[in-house]
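**Student:** One predicted model, sequence on top.
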Amino acid sequence: MINPVWLRSFCTLVEVGHFTRTAERLHMTQSGVSQHVRKLEERLGQSLLIRDGKQFTLTDAGTRLYREAGAIVAALSDLDRRIGADPAYEGVVRVMSPGSVGLKLYPHLLALQQRHPGLSIDYRFAPNSDVERALAEYRVDVGIMTMPSSMDEVGFKPVGEEPLLLVTPTSLVEPGWDRLMALGFIDHPDGAHHAGLLLGANFPEFHHSNQFPLAGFSNQISLILEPVSRGLGFTVLPAYAVEAFGQPDRVRTHRLANPASETLFLSFRRNQPLANRVRTVITTMGEGLSLGAGESGQIV
């Protein structure tokens, strides 16, 4: 590999046109500049300069080397600045969360990207276990989870509460136990967990969601309420998922006597400094969850 210091000396000499002034610019001796040129000629096996006293002209090989090496030297000269740059509104930020909170946050992050086109938001919807694993494996920059992390590599901070809602067809006004049993349960990946939190706090008869007849299942957060809207059953969902349903007049939400909610945890790779662009996204996520930017920024 050609020594980039030799290339810098050669390119500067070509641009300045004088050995002494090149040495002054590079804070070297004139003999040092000459030595770098000779080392290049030895390494390449070709003459680069035609010397005429204190003047010189480039050989064909010298012209080709200058043309090729100029971009390399310029890139190396700018390397420190580019590596040290940490812009707040440029670059890719990888975010992952469960679907419900993702429905809430994703539009806010898209609005941020519209204001700052240099940002690119990579948002993935996934269950808690996948979010946790992706953070531990450096595949995402920041996540939201609805449970504390069990991994030492993943840090977390509670940033909000997401209420759980009982959702039924519009025909059901009073959601008594017998009526729910008659309807049947529309299950989803977190259905048993959500039902356990909300129904367990409000119905002494409740032990597990399996007590209800299974009326359907969907793993698409945007489609879970579709069978409910058609009168096929009931379900329990986080409020953000209910708010995002496109036909709210076709379902009825019930806030029960004993509210239940999930804690939302901002999750991140422990002991890894956060880039400024990630801090920007965290602030916007806090605003999307109706938190002050200062509170969401306490982890960074």
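**Tutor:** That came in fine, so what should we check first? Quantities reported herein were computed from a predicted structural model and do not represent experimental measurements.
**Student:** who touches I2 in this structure?
**Tutor:** L40, R43, L44 (Cβ atoms under 8 Å, 6 or more residues apart in numbering). For the C-beta atoms, the positions are set from N, CA and C on the backbone; glycine is no exception.
**Student:** how does it look with 7 Å?
**Tutor:** R43 (Cβ atoms under 7 Å, 6 or more residues apart in numbering).
**Student:** which SS state does it fall under?
**Tutor:** coil (DSSP: H, G, I helix; E, B strand; the rest coil).
**Student:** quick one: the strands in the stretch 151-300 of the chain?
**Tutor:** Ranges of strands in the stretch 151-300 of the chain, per DSSP state E, counting those that start in this stretch, are 154-169, 185-187, 214-217, 235-238, 251-254, 261-269.
**Student:** Between strand 261-269 and the longest one, find me the angle.
**Tutor:** Compare the direction of strand 154-169 with that of strand 261-269 by axes from the mean of the first three to the mean of the last three Cα atoms, to 10 degrees and you get 150 degrees.
**Student:** Reformat the strands of the stretch 151-300 of the chain into CSV and put distance to D86 and mean neighbour count next to each item.
**Tutor:** Putting the strands of the stretch 151-300 of the chain into CSV (distance: least, Cβ to Cβ, whole Å; neighbours: other Cβ atoms under 10 Å) gives the following:
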stretch, distance to D86, mean neighbour count
strand 154-169, 20, 20
strand 185-187, 45, 24
strand 214-217, 45, 15
strand 235-238, 34, 28
strand 251-254, 44, 18
strand 261-269, 16, 22
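**Student:** and of those strands, who's closest to E68?
**Tutor:** strand 261-269 (40.2 Å; Cβ to Cβ).
**Student:** so what strands line up beside that closest one?
**Tutor:** strand 142-145 (antiparallel), strand 154-169 (antiparallel) (DSSP bridges).
**Student:** hang on, the earlier thing: could the strands of the stretch 151-300 of the chain go into TSV alongside mean pLDDT and distance to A126?
**Tutor:** Shown next, in TSV, are the strands of the stretch 151-300 of the chain (pLDDT from 0 to 100; distance: least, Cβ to Cβ, whole Å):
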stretch	mean pLDDT	distance to A126
strand 154-169	94	14
strand 185-187	97	18
strand 214-217	97	18
strand 235-238	96	15
strand 251-254	96	25
strand 261-269	94	12
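**Student:** mind giving me a markdown table with those strands and columns for distance to A74?
**Tutor:** Below are the strands of the stretch 151-300 of the chain laid out as a markdown table (distance: least, Cβ to Cβ, whole Å):
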| stretch | distance to A74 |
| --- | --- |
| strand 154-169 | 40 |
| strand 185-187 | 60 |
| strand 214-217 | 59 |
| strand 235-238 | 52 |
| strand 251-254 | 61 |
| strand 261-269 | 34 |
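**Student:** Name the residue closest to the centre of the protein, please.
**Tutor:** R94 (1.7 Å; Cα atoms, centre = their mean).
**Student:** how about the host helix or strand of that one: buried residues?
**Tutor:** Using DSSP states H and E, R94 falls within strand 91-97. For strand 91-97, burial by neighbour count (16 or more other Cβ atoms under 10 Å) applies to G91, V93, R94, V95, M96, S97.
**Student:** Perfect, I'm done here.
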